[in-house]
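>>> What follows is a predicted structure for the sequence shown.
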Amino acid sequence: MIRLEHVTKTFQTKDGDVHAVKDVSLHIKEGQIYGIIGFSGAGKSTLVRCINLLERPEDGKVIFDGKDLLELSDKELRQERQKMGMIFQHFNLMRAKTVYENIALPLRMMKKDKAFIEQKVMELLELIDLVERKDSYPSQLSGGQKQRVAIARALASEPKVLLCDEATSALDPQTTQSILKLIKKVNQEMNLTVVMITHEMLVVKEVCDRVAVMENGRVVEKDDIVPVFVNPIQEITKNFINTTNNSNKINELIKENHPLTQLASNQQLVKLKYSSSNTREALISKISRDYNVDCSIIFGNVEVIKDTPLGTLVTVFTGEDENIRHALDQCKKEGVYVEVMKRGHID
Amino acid sequence: MDILTNIAPNVLKYIDQFPKAILDTLIMLALSGIISIFFGLILGVIVVVTRKDGILPNKWVYFILDKIINLFRSIPFIILVPMLAFLSRLIFKTTIGISGAMVPLVVGTIPFVARQMESSMMEIPEGIVEASISMGMSPMQIIFQVYLKENIPGMIRGITITLIALIGQIAIVGAVGAGGLGDMAIRYGQRFMYDITYTVVILILIIISIIQSIGNKLVEKTTH
């Protein structure tokens, strides 16, 4: 649906060039919810703006639905933009227009007839559950309601793609959930492709099928959501994942040399991560029996990502070095992600 | 009536001149106001859209218009009047009366309106423009749907300020033969009939107050 090839965008500023996006290539498939995560300044907002050419990359290709957008005339580009809805962190609704008029605007601009517009707008108002607020002005709505209206407006032209630029970043957690639910719903019901820019891993975890992690203008890691959560490669990805659960607490405990993490010489502190495909076997008790090691779980967490349960266990293995190694090898063989966090010292 | 004869003898004596003076002032205000707002608004829109990060960036158009606006804004109005006398003669074949006053009033006010409109359009959050572009709206649609519609209260404030400033300028052109209230105040003031001058000041004050309160009402009505 969307293919970015070696997209590069540089801003000229007084303090020199800012390389906002450097050589980014992404392939976003039809029907996918594609997350792009990064800290502020990582270039993710610029990247999403390159998709509908709000920013024109100076290098690379932006291919949407088989067309290279950079090759199109202004008029053709406007037609393609009507196939891409966009929502923003600060909603960007027309302040002088009512809810109804806001949603009707893209249709009016496309010169649709009045009856069609009315029917479409009412449909959308029902979808976002704001029929009774149709004559309100944006200033009379809450943040969540404004974003719902923005979504309806973005969907009015029946786009194939919805671009979300930090769409939930100005909302409280509960409202965020309801907006994400709505996005997921339209993704499924309308087979809408969604690109989500965010700095919150929780958002990615909640709805995305695939994620790209950005740092300093580059995509440093991209994969389907479950593998990224099970086996993150880059440090920054690990940091983002740690924000979604408190398993990173253990790192602090290790640093503080907390009693819980003080190990005898025949002990190792190991982090195990597993997803549903390898959770059915009684792995822990099996390796304990087979390799003669004791496993005591000091921290456990299970979360559900994309309907896949993903577990994290921080476990102290006690036993012969050799045996522990075999036990961990066995875990790896079963598809469990293994990370030795700390070894007991031989004093 | 006696009191009035005592404190404002000249006002009573020349009272028949007031209606025409008021009417002349209002005609000049309406005509030069409408023309200046129309062209000032167009100029303001062009300056907004052609600036570097505008929707139709054009370095030269922006540079030239911006400088012209500054130039005319920096010429004191009282100097602008004789400066433009040739233009009045060219267009209206006269430099006096209402037609004689129109050229300096309009030329002096257009840049003022342009700046007022420019600043109220610049107050529109950039995100709203961005959202419009992302919807596939054309530059013309953005001008009419966003720039001219999204900060109407700000524009009304600008127009109110413009009209009030115009009243002052109409008084000045009065002094060079355009008629109106300013003309009366100065003419009779020079003949030491200060009661007329003060009456004119009060009348101007009333006109300004009416403009201001209509402006405020409209701002209130259009703010959502």
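Here it is on my side, so go on.
>>> can you give me the strands for chain B?
With DSSP state E, there are no strands along chain B.
>>> Run through the residues of it sitting next to chain A.
B:125, B:127-128, B:130-131, B:133-138, B:141, B:145-146, B:149-152, B:222, B:224 (Cβ under 8 Å from any Cβ of the partner chain). Glycine gets a C-beta too; all of them are placed from N, C-alpha and C.
>>> tell me which parts of chain A are close to chain B?
So far as Cβ under 8 Å from any Cβ goes, chain A lies against chain B at A:52, A:54, A:75, A:78-82, A:84-86, A:88, A:90, A:92-97, A:105-106, A:109-110, A:137-139, A:150, A:153, A:157, A:163.
>>> residue ranges with poor pLDDT in chain B?
Scanning chain B for pLDDT under 70 picks out the ranges B:1.
>>> I meant to write chain A there.
In chain A, residues with pLDDT under 70: A:247, A:276-281, A:346-347.
>>> Relative to B:Ile42, how far out is A:Ala167?
Distance of A:Ala167 to B:Ile42, computed by Cβ to Cβ, to the nearest Å: 37 Å.
>>> again, but for B:Leu71
18 Å.
>>> of those two, who's got more company?
Taking neighbours as other Cβ atoms under 10 Å in any protein chain shown, B:Leu71 and B:Ile42 compare with B:Ile42 leading, 14 against 10.
>>> how about A:Ile103, what does it touch?
The contact partners of A:Ile103, taken as Cβ atoms under 8 Å, 6 or more residues apart in numbering or on different chains, are A:121, A:124-125, A:149, A:152-153, A:156.
>>> Which single one of the residues you listed is nearest to chain B?
Of all the contacts of A:Ile103, the one with the least separation from chain B (Cβ to the nearest Cβ) is A:Arg153, at 7.8 Å.
>>> what's the longest helix in chain B?
Among the segments of chain B that qualify as a helix by DSSP state H, the longest is helix B:18-50.
>>> Give me the helices and strands touching that one, please.
For helix B:18-50, the contact count by 3 or more Cβ pairs under 8 Å, 6 or more residues apart in numbering or on different chains; DSSP states H and E identifies helix B:59-74, helix B:97-122, helix B:152-173, helix B:181-190, helix B:194-222 as packing neighbours.
>>> now that helix against helix B:194-222, angle please.
Relative orientation of helix B:18-50 and helix B:194-222, computed by axes from the mean of the first three to the mean of the last three Cα atoms, to 10 degrees: 40 degrees.
>>> now helix B:18-50, how far from the chain's geometric center?
Computed by Cα atoms, centre = their mean, to the nearest Å, the chain-centroid distance of helix B:18-50 equals 5 Å.
>>> Buried ones in that helix, by neighbour count?
For helix B:18-50, the neighbour count (16 or more other Cβ atoms under 10 Å in any protein chain shown) marks B:18, B:21-22, B:24-26, B:28-29, B:31-33, B:35-37, B:39-41, B:43-50 as buried.
>>> quick one: it to helix B:97-122, angle?
Angle of helix B:18-50 versus helix B:97-122, following the same axes, to 10 degrees, is 40 degrees.
>>> can you pull the contacts of residue 130?
Using chain A here. A:99, A:145, A:148-149, A:152.
>>> please go with chain B instead
For B:Glu130, the contact set (Cβ under 8 Å, 6+ apart) comprises A:54, A:88, A:92.
>>> any chance of the residues you listed in JSON lines, plus neighbour count and secondary structure?
Listed next are the contacts of B:Glu130 as JSON lines, based on neighbours: other Cβ atoms under 10 Å in any protein chain shown; DSSP: H, G, I helix; E, B strand; the rest coil:
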{"residue": "A:Leu54", "neighbour count": "19", "secondary structure": "coil"}
{"residue": "A:Phe88", "neighbour count": "24", "secondary structure": "strand"}
{"residue": "A:Asn92", "neighbour count": "24", "secondary structure": "coil"}
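>>> now, which of those sits nearest chain B?
Relative to chain B, and with distances defined as Cβ to the nearest Cβ, the nearest of those is A:Asn92, at 3.9 Å.
>>> Would you check that the closest one makes contact with B:Ile133?
No - the pair A:Asn92 / B:Ile133 is not scored as a contact, 10.6 Å apart, by Cβ atoms under 8 Å.
>>> Tell me where chain A has helices.
Counting by DSSP H, residue ranges of the helices within chain A are A:44-51, A:74-81, A:99-109, A:114-127, A:143-155, A:173-189, A:201-207, A:225-230, A:235-242, A:249-256, A:283-291, A:321-333.
>>> surely B:Gly100 meets B:Gly180?
No - if you go by Cβ under 8 Å, B:Gly100 and B:Gly180 don't touch, sitting 11.7 Å apart.
>>> Those two: which is more packed in?
Taking other Cβ under 10 Å, B:Gly100 and B:Gly180 do not tie; B:Gly180 has more neighbours (27 against 24).
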